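here is my input; please provide its structure:
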Amino acid sequence: MPHIVVKWFKGRTEQQKQEFADEIVKKAVELTGRGAEHFSVAIEEYDPQEWEEKVYNPEIVDKLDTVYKKPGYGSLAE
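The predicted model follows:
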């Protein structure tokens, strides 16, 4: 614990995904003082045309009370 889930467009290499996950864990360790063994990271990939239906609306708009950084695009753009 915690388990971090990243959702993004398809198209990155396995190396890019691994490097991204490693950097997230490094920062999480730095900020929390917990060891890396306490964290897990999953990456879910989506086609751009399914983003709004499968991610933006159900995971961002509908759960806005849990979103700590709003996106700069779509209906929530500031």
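
quick one, strands of the chain?
3-9, 40-46 (DSSP state E).

out of those strands, which is the most enclosed?
Most buried of the strands of the chain, by mean neighbour count (mean count of other Cβ atoms under 10 Å): strand 40-46, with a mean of 14. Just so you know, the C-beta spots here come from the backbone N, C-alpha and C atoms, and that holds for glycine as well.

list the pairing partners of that strand within its sheet, with orientation.
strand 3-9 (parallel) (DSSP bridges).

please state the offset of the partner strand from the chain centre?
From the chain centre to the centre of strand 3-9 is a distance of 3 Å (Cα atoms, centre = their mean, to the nearest Å).

need the mean per-residue confidence for it.
Confidence over strand 3-9 (mean pLDDT, whole number) is 98.

list of residues touching it?
Contacts to strand 3-9, defined as Cβ atoms under 8 Å, 6 or more residues apart in numbering, come from residues 20-21, 24, 28, 39-48, 51, 55, 59.

compute the number of surrounding residues for Glu53.
Burial of Glu53, expressed as a neighbour count using other Cβ atoms under 10 Å, amounts to 10.

actually Val55, sorry about that
With other Cβ under 10 Å as criterion, Val55 counts 16.

do Ser75 as well
By the criterion of other Cβ under 10 Å, Ser75 has 10 neighbours.

so where's this structure uncertain?
By pLDDT under 70, the weakly predicted segments of the chain are 78.
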